[in-house]
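here you go, sequence then predicted model.
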Amino acid sequence: MNIDVLTLFPEMFQGPINESLLKKAQARGLFSLSVTNIRDFTFDKHKTADDTPYGGGSGMVMKIEPIAAVISKIKNKKPACRQAGSKILLMCPTGQPLTQKKVNELAQEKHLVLLCGHYEGVDERVRELVDEEISIGDYVLTGGEIPAMVLIDAVVRQIPGVVKEKESLENDSFYNDLLDYPSYTKPEEFSDEKVPEVLLSGNHAKIAVWRRIQALKETLQNRPELLARAELTREDNKLLEEILKN
């Protein structure tokens, strides 16, 4: 997968994208990342990429001309952009929420272009240049750079080979619209709290059932709305009935 990031602050991506799994995935050629400074596509000596809003008001609005110019160059330069599977995404608070389902969809793309909004947002005409708008939550951030990093991390994890253990991915919170089960490691006892005996039993069938029960409990207690869209089996529903009785 190829990922292009369009931003006014390219330096923000130097640290987070070059650590841990993302660094290893790039080194192994599983995905590539290019970060472009939108100011390089401005048309004046001051590299002006924003201006005051028409009609008055506080803050600044990102100009359409440099954004249109950089998107045009990427489309013409990279063959993947000319293919149907390519996506140009605007990271902004008015976009659709980023869910695990959407992450899984985006992980199938060959090329993603992430446009990071900033200040009071982008000129409304920019929306004609993008395929989708994505938000990572109902709160205010300084710009779209951190949301873009979140999306990159979530999507790259789904690329085959990035996470070695496929089972680890499938057990992640939200992967199947359930929260993850509790995990423990050594020591067996700490501050009078012991690891549940079933995890020490070596009985993998019982461990699997215990973990499923815990995942259902966690979801019911902390994010009950997820259960409405989760694909629950008949056994899951039986386990939920038992949980509710207790």
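Now that the structure is in, tell me what you want to look at. Numbers count the residues shown, from 1 in each chain.

isn't Val195 up against Glu188?
Yes. Contact status for Val195 versus Glu188: in contact at 5.1 Å, counting by CB atoms under 8 Å. (C-beta placed from N, C-alpha, C; glycine too.)

between those two, tell me which one has more neighbours.
Taking other CB atoms under 10 Å, Val195 and Glu188 do not tie; Val195 has more neighbours (15 against 12).

now the phi/psi pair for the more buried one, please.
phi -70, psi 140 (degrees, to the nearest 10).

report the central residue of this protein.
With distances taken as CA atoms, centre = their mean, the residue of the chain nearest its centroid is Leu151 (2.7 Å).

would you mind measuring from it to Arg39?
Distance, Leu151 to Arg39, using CB to CB, to the nearest Å: 22 Å.

excluding sequence neighbours, find me the nearest residue to Leu106.
Leaving aside its chain neighbours, Leu106 sits nearest to Val155 (5.0 Å; criterion: CB to CB, 6 or more residues apart in numbering).

measure Pro66 to Val113 for me?
Taken as CB to CB, the span from Pro66 to Val113 is 15 Å.

go on, Glu128?
Separation of Glu128 from Val113 (CB to CB) stands at 15 Å.

so for these two, which residue has more residues nearby?
Applying other CB under 10 Å to Glu128 and Val113 shows that Val113 carries more neighbours, namely 27 against 8.

that one contacts Ile88, doesn't it?
Yes. The criterion here is CB under 8 Å, and Val113 meets it with Ile88 at 4.3 Å.

any common contacting residues for these two?
Ile71 (CB atoms under 8 Å, 6 or more residues apart in numbering).

read off the pLDDT value for Ile3.
In this model, Ile3 is scored at 97, pLDDT.

all helices of the protein, in order?
20-27, 64-77, 100-106, 145-156, 166-170, 204-222, 234-245 (DSSP state H).

centre of the chain to stretch 153-169, how far?
The chain centroid and the centroid of stretch 153-169 are separated by 13 Å under CA atoms, centre = their mean, to the nearest Å.

and what of stretch 143-163?
Worked out by CA atoms, centre = their mean, stretch 143-163 lies 5 Å from the chain centre.

now the end-to-end length of that stretch.
Stretch 143-163 stretches 29 Å from its first residue to its last (CA to CA, to the nearest Å).

please apply the same query to stretch 15-25.
15 Å.

could we number from 37 for the rest of this?
With 37 as the first residue, the last one maps to stretch 51-61.

can you point out the buried residues in stretch 139-155?
Across stretch 139-155, burial judged by 16 or more other CB atoms under 10 Å covers 139, 142-143, 145, 147-155.
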